[in-house]
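In: A predicted structure for the sequence below; I have some questions about it.
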Amino acid sequence: EAQVTQNPRYLITVTGKKLTVTCSQNMNHEYMSWYRQDPGLGLRQIYYSMNVEVTDKGDVPEGYKVSRKEKRNFPLILESPSPNQTSLYFCASSLRVFLNEQFFGPGTRLTVL
Amino acid sequence: KNEVEQSPQNLTAQEGEFITINCSYSVGISALHWLQQHPGGGIVSLFMLSSGKKKHGRLIATINIQEKHSSLHITASHPRDSAVYICAVRGNTDKLIFGTGTRLQVFP
C-alpha cells in the first residue's frame, strides 16, 4: 500500500531533550516536506527536500533540523525542544515538487513540557 | 494580510445541501490544492488544479486564474463530509502556502 508513515504518533517530552520524528514513504517520491499545524495559524512549512541530499528551509525552520540521506526517509530532528514547539506535525511527499498530489503522513502530536 | 484566504471559516449545513467553500490568493501560482482534514487529524488531498475545473464524485473544484480565486463545491452533502477543508497554493517557489481552513459540519 502506498503510504507515508510517521513515528511516533504521540510524544510527550521535556524541554531540551533531543528527539527525532521519523518519516518514510514507499512511493519513490522525490519531494518530501515537514509541516506543523497550530490552532488559528494553519499548516506552515518547516523544511522541504527536492531529492536526496537536497534540503531547504520553509517558513518556520528555527529549532529544527532535517536530513535526506535516502530517498524514502526524511527525519525531523529537534536538538533542544522548547514548549513553543508543541504542535501537530505532518510529513508529506509528492512525486515531484510541481503539479503533483501531496500525500500526507498521519501526523505526530508533540507536547514539550 | 494572508496570501491565502478562505471563506467562510466555519460552515454548518443540513444533509443534502449544496456547499461552497471559497479560496482567494494574492500570489502568482503554478497550482492550487484542496485538502480535507478529518476529525481524527489525517489529511487527504482532494484536488490539484492549475486551470479550469475538476470533479470527483460529489466534489467539484474550480479555479479562475485571472481572478485568483478557487471554489470547492460539495453536492448533496452528507454528515461524513464534516471535516476541515484546506486550500493551499504553490507559487513560483518550491513551497506550499496554506489557508487556515474552513470547518464544515453537516447535520443529519
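Out: Yep, it's here.
In: ok, residues contacting the least confident helix or strand in chain B by mean pLDDT?
Out: None of the helices or strands of chain B scores lower by mean pLDDT, DSSP states H and E than strand B:96-98, at a mean of 87. By CB atoms under 8 Å, 6 or more residues apart in numbering or on different chains, the residues outside strand B:96-98 that reach it are A:33, A:35, A:42-45, A:102, B:3-4, B:25, B:27, B:33, B:86-91. Where C-beta positions appear, they are placed from N, C-alpha and C, glycine not excepted.
In: Mind checking which of these are buried?
Out: Listed as buried from the contacts of strand B:96-98 are A:33, A:35, A:42-45, A:102, B:4, B:25, B:33, B:86-91; burial here means 16 or more other CB atoms under 10 Å in any protein chain shown.
In: Tell me which two of those sit farthest apart.
Out: For the buried ones among the contacts of strand B:96-98, the farthest-apart pair by CB to CB is A:Ser33 and B:Tyr25; their separation is 19.0 Å.
In: need the contact list for the closest residue to A:Pro81 other than its chain neighbours.
Out: Excluding the flanking residues, the one nearest A:Pro81 by CB to CB, 6 or more residues apart in numbering or on different chains is A:Val112, at 4.5 Å. Contact analysis of A:Val112 by CB under 8 Å, 6+ apart lists A:Thr13, A:Val14, A:Thr15, A:Pro81, A:Ser82, A:Pro83, A:Asn84, A:Gln85, A:Thr86.
In: Nearest to chain B among the residues you listed?
Out: The shortest separation between chain B and any of the contacts of A:Val112 is 15.0 Å, and it belongs to A:Thr86 (by CB to the nearest CB).
In: The closest one: how many residues sit nearby?
Out: If you count neighbours by other CB atoms under 10 Å in any protein chain shown, A:Thr86 ends up with 16.
In: Sketch out the strands for chain A, chain order is fine.
Out: Using DSSP state E, the strands of chain A run over A:4-7, A:10-13, A:19-25, A:31-38, A:42-51, A:54-57, A:65-66, A:76-78, A:87-94, A:103-104, A:108-112.
In: measure the residue nearest to A:Pro81 to A:Ala92 for me?
Out: According to CB to CB, to the nearest Å, A:Val112 and A:Ala92 sit 22 Å apart.
In: Please apply the same query to B:His73.
Out: Counting by CB to CB, the gap from B:His73 to A:Ala92 is 25 Å.
In: Among these two, which residue is more densely surrounded?
Out: Legend: neighbour count by other CB under 10 Å for B:His73 and A:Ala92, higher for A:Ala92 (26 against 16).
In: ok, that one to chain B distance?
Out: 8 Å (CB to the nearest CB, to the nearest Å).
In: beta partners of B:Phe98?
Out: B:Phe98 has these beta-bridge partners by DSSP bridges: B:Ala88.
In: Tell me, how many residues neighbour it?
Out: Neighbour tally, B:Phe98, other CB under 10 Å: 24.
In: just A:Leu76 next, same as before
Out: 22.
In: contacting residues around it?
Out: Applying CB under 8 Å, 6+ apart to A:Leu76 gives the contacts A:Thr20, A:Val21, A:Cys23, A:Trp34, A:Ile46, A:Tyr47, A:Tyr64, A:Lys65, A:Val66, A:Tyr89, A:Cys91.
In: who's in contact with the closest residue to it other than its chain neighbours?
Out: Closest residue to A:Leu76 apart from its sequence neighbours, by CB to CB, 6+ apart: A:Val21 at 4.6 Å. By CB under 8 Å, 6+ apart, A:Val21 lies in contact with A:Gln6, A:Asn7, A:Pro8, A:Leu11, A:Pro75, A:Leu76, A:Leu78, A:Tyr89, A:Cys91, A:Thr108, A:Leu110.
In: Alright, calling it a day.
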